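# Here's my sequence, what's the structure:
(chains A and B)
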Amino acid sequence: DARVTQTPRDKVTEMGQEVTMRCQPILGHNTVFWYRQTMMQGLELLAYFRNRAPLDDSGMPKDRFSAEMPDATLATLKIQPSEPRDSAVYFCASALGLAGGNEQFFGPGTRLTVL
Amino acid sequence: GDSVTQMEGPVTLSEEAFLTINCTYTATGYPSLFWYVQYPGEGLQLLLKATKADDKGSNKGFEATYRKETTSFHLEKGSVQVSDSAVYFCALTANTGNQFYFGTGTSLTVIP
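Got it, this is the predicted structure:
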């Protein structure tokens, strides 16, 4: 049963520290998404990649956030330095493209708490 | 631009009640429409979808029909269960596959 995996599942850190979240998309999926979910803002798209190239990162605070795909099996989201307002659940999702009604498959999320 | 508007929550129903969660969309062309469900502590997962007008998506007793004339994709279930308590998201993908939008989510609580 193919699924998206994310690590860590939970992360507690101090303000100012670097945080790296990792995602392994479903094998063969060429489109990868990063979302952030909070009670106040709901689900927000941070960035997404197709064939490892960033297509849209307009939702991401550029000064502290960065997203990359070092290879087709790994996507990373980094926050440096972290701030308390970054506390949220971060979801990775992958898809076999989006045309033709293909769905996004979501990982279980990384719950980040910045103290 | 394209967008999705869904019913504000939260919604609280008694077990076996009828459920409707409204979703309307704005799009050019013929988008694909989706309902995703998020159970507590989990990521979103696809509940059902429809890719062309008049298609009906169905799964786990839930149904939604793609209505182009009313630009709607309302989610319905005839008899909800406690286990249906979750947040439901309506979503749209443009037919080009390059744009996609999620609604704000509707929280459903079903009480015994």
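# Neighbours of residue 82, how many?
Picked chain A for this. Other residues near residue A:82 number 23, with proximity taken as other CB atoms under 10 Å in any protein chain shown. Yep, even glycine has a C-beta here, placed from its N, CA and C like the rest.
# could you do chain B instead?
11.
# what sits against it?
B:15, B:110-112 (CB atoms under 8 Å, 6 or more residues apart in numbering or on different chains).
# farthest-separated two in those?
B:110 and B:112 (7.9 Å; CB to CB).
# Quickly note the distance from residue B:82 to residue A:20.
Distance of residue B:82 to residue A:20, computed by CB to CB, to the nearest Å: 38 Å.
# which neighbours do residue B:110 and residue B:112 share?
Common neighbours of residue B:110 and residue B:112 (CB under 8 Å, 6+ apart) are B:14-15, B:82.
# now those in CSV, with secondary structure, pLDDT and distance to residue A:55?
What follows is these, written out as CSV (DSSP: H, G, I helix; E, B strand; the rest coil; pLDDT from 0 to 100; distance: CB to CB, whole Å):
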residue, secondary structure, pLDDT, distance to residue A:55
B:14, strand, 98, 45
B:15, coil, 98, 44
B:82, helix, 97, 40
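# Nearest to chain A among the residues you listed?
Nearest to chain A out of the shared contacts of residue B:110 and residue B:112 is residue B:82 (CB to the nearest CB; 22.4 Å).
# Out of the contacts of residue B:82, who's the most crowded?
Top of those by neighbour count (other CB under 10 Å): residue B:110, with 20 neighbours.
# who's that one bridged to?
With DSSP bridges as the criterion, residue B:110 is bridged to residue B:13.
# What residues does it make contact with?
B:12-15, B:17, B:80-85.
# same thing with residue A:75?
A:22-25, A:32, A:34, A:49, A:67-69, A:92.
# okay if I get the contacts of residue B:110 as a markdown table plus distance to residue B:61?
Below are the contacts of residue B:110 laid out as a markdown table (distance: CB to CB, whole Å):
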| residue | distance to residue B:61 |
| --- | --- |
| B:12 | 19 |
| B:13 | 14 |
| B:14 | 16 |
| B:15 | 13 |
| B:17 | 13 |
| B:80 | 8 |
| B:81 | 8 |
| B:82 | 14 |
| B:83 | 11 |
| B:84 | 8 |
| B:85 | 14 |
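# ok, so of the contacts of residue B:82, who is nearest chain A?
residue B:110 (20.7 Å).
# Pull out the buried members of the contacts of residue A:75.
Neighbour-count burial (16 or more other CB atoms under 10 Å in any protein chain shown) is assigned, among those, to A:23-25, A:32, A:34, A:49, A:67, A:69, A:92.
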